[in-house]
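In: Just a sequence and a predicted model for now, questions to come.
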Amino acid sequence: MSERVLSNSTTRRLFSTHGWIGIILVLVFWGINWNLEGVRTSWAFFPLWLGYSLTVDALAFRINGTSLLTRDWRKYIGLFLVSGPSWWIFEVLNWRIRNWHYLGRDLFSDWQYFLFASLSFSVVMPAVFGTAELVSRAGWIRRMKPGLVVRPDKVTIGIVFALGWVFLGLLMVWPRHFFPLVWLSVFCILEPINFWLGNITVTRWTKSGDWRPVISLFVGVMITGFFWEMWNYFSFPKWVYTVPGVDFLHVFEMPILGYGGYLPFSLELYALYHLTTGFLGQRMGDYLNLEARE
């Protein structure tokens, strides 16, 4: 027992091997994405973001003593498998709202685009959830007092579910005016479904007024979003935005107000992940360790 503790302590102090691998991947493929000619990002995006994900995971392990990868490497791989199809939901919705498009898309066949895009989309959940877990033990988050209580009673869950479909309808009918609802509708539909199916939901915390895990997701996705937008800026292919009414004060390619969409997006990712794992029979326990322990 004591030897295992000592070994774990030493590993944390020296920084994990997968963390060093992550740093190397980031340095190498950051340079490739910003300097190599041609459509380099189509194949270099994944190793860059794999490097980011491994690095934040190793930092979480060093600081917190646990991390997504070190708890269960099989479930960590599962994050990549769930992430790709999940992001395609937003790509499909974007066919209607047209808030972003990809420069260089025309250089690929449909199958090439689908394969490269799916590989790139697979790193979304590992990056966001890994960063959220890293920041979840920050002192200011751990010290947060209980706030608004949101209980998953029948009325509340029913209202949220109905709003989700209303939001989706408005989004489809009047996309120019209601495009921000893309970052709320999916969560409002899936959160009640997860609750009814007995899957994990954010209300497991908010029913007691504990918003610290939600704040961890918010902070984690904003940090990740900053790196997404920064690394995208000099990449090719790359995404650009055409957002009606808020297309000003860009931070990289993203209008500054657009960063607000990242916050509910993190909850949508959380709901999508637990809907998927619920179907796979993993309803008990939460692999994502966002509890802000004292």
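Out: Structure's in. What do you need? Treat the numbers as computed from the prediction; the structure is a model and nothing was measured.

In: Tally up the residues packed near Thr242, please.
Out: When neighbours are counted by other CB atoms under 10 Å, Thr242 registers 11. Where you see a C-beta, it was placed from the backbone N, CA and C, and this is true even at glycine.

In: which residues sit in contact with Arg40?
Out: 32-33, 235-236 (CB atoms under 8 Å, 6 or more residues apart in numbering).

In: Of these, which is the nearest to Phe218?
Out: Distances from Phe218 to the contacts of Arg40, taken as CB to CB, are shortest for Ser235 (25.6 Å).

In: Tyr102 falls within a helix, correct?
Out: No. Applying DSSP: H, G, I helix; E, B strand; the rest coil, one finds Tyr102 to be strand, outside a helix.

In: ok, the nearest residue to Gly22 once chain neighbours are set aside to Pro237 distance?
Out: Spatial nearest neighbour of Gly22, excluding adjacent residues (CB to CB, 6 or more residues apart in numbering): Leu54 at 3.0 Å. Distance of Leu54 to Pro237, computed by CB to CB, to the nearest Å: 24 Å.

In: And the helices in this protein?
Out: Applying DSSP state H to the chain gives helices spanning 2-14, 17-35, 41-64, 68-71, 73-97, 110-121, 124-135, 139-142, 154-173, 175-178, 182-197, 203-206, 212-233, 262-279.

In: neighbours around Leu272, how many?
Out: 22.

In: what's the pLDDT at the closest residue to it other than its chain neighbours?
Out: Nearest non-adjacent residue to Leu272, counting by CB to CB, 6+ apart: Ser86, 4.3 Å away. Note for Ser86: predicted pLDDT of 96.

In: I'd say Ser86 and Pro126 touch.
Out: No. Taking contacts as CB atoms under 8 Å, Ser86 lies outside contact range of Pro126: 11.9 Å.

In: Could you check which of those two has the larger neighbour count?
Out: Relative neighbour count places Pro126 above the other of Ser86 and Pro126, with 26 against 21, counting by other CB under 10 Å.

In: Leu54 and Pro237: which has the busier surroundings?
Out: More crowded of Leu54 and Pro237, by other CB under 10 Å: Leu54, with 26 against 21.

In: so what's that one up against?
Out: By CB under 8 Å, 6+ apart, the residues touching Leu54 are 18-19, 21-22, 25, 69.

In: In the stretch 151-294 of the chain, where is pLDDT below threshold?
Out: Scanning the stretch 151-294 of the chain for pLDDT under 70 picks out the ranges 282-285, 292-294.

In: again, only using 80
Out: Across the stretch 151-294 of the chain, the ranges flagged by pLDDT under 80 are 281-286, 291-294.

In: out of the helices of the chain, which comes closest to Pro255?
Out: That would be helix 212-233 among those, by CB to CB, at 10.5 Å.

In: list the buried ones in the closest one?
Out: The neighbour-count check on helix 212-233 (16 or more other CB atoms under 10 Å) flags 212-225, 227-229, 231-232 as buried.

In: thinking again about what came up before, how much space separates the residue nearest to Gly22 from His18?
Out: Distance from Leu54 to His18, by CB to CB: 5 Å.

In: Which residues are in contact with each of these two?
Out: Leu69.

In: returning to what we had before: can I get the contacts of Arg40 in JSON lines including distance to Leu190 and neighbour count?
Out: Shown next, in JSON lines, are the contacts of Arg40 (distance: CB to CB, whole Å; neighbours: other CB atoms under 10 Å):
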{"residue": "Ile32", "distance to Leu190": "36", "neighbour count": "17"}
{"residue": "Asn33", "distance to Leu190": "32", "neighbour count": "21"}
{"residue": "Ser235", "distance to Leu190": "31", "neighbour count": "23"}
{"residue": "Phe236", "distance to Leu190": "34", "neighbour count": "18"}
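
In: Switch those residues over to JSON lines; also include distance to Leu134.
Out: Formatted as JSON lines, the contacts of Arg40 follow (distance: CB to CB, whole Å):
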{"residue": "Ile32", "distance to Leu134": "25"}
{"residue": "Asn33", "distance to Leu134": "23"}
{"residue": "Ser235", "distance to Leu134": "24"}
{"residue": "Phe236", "distance to Leu134": "30"}
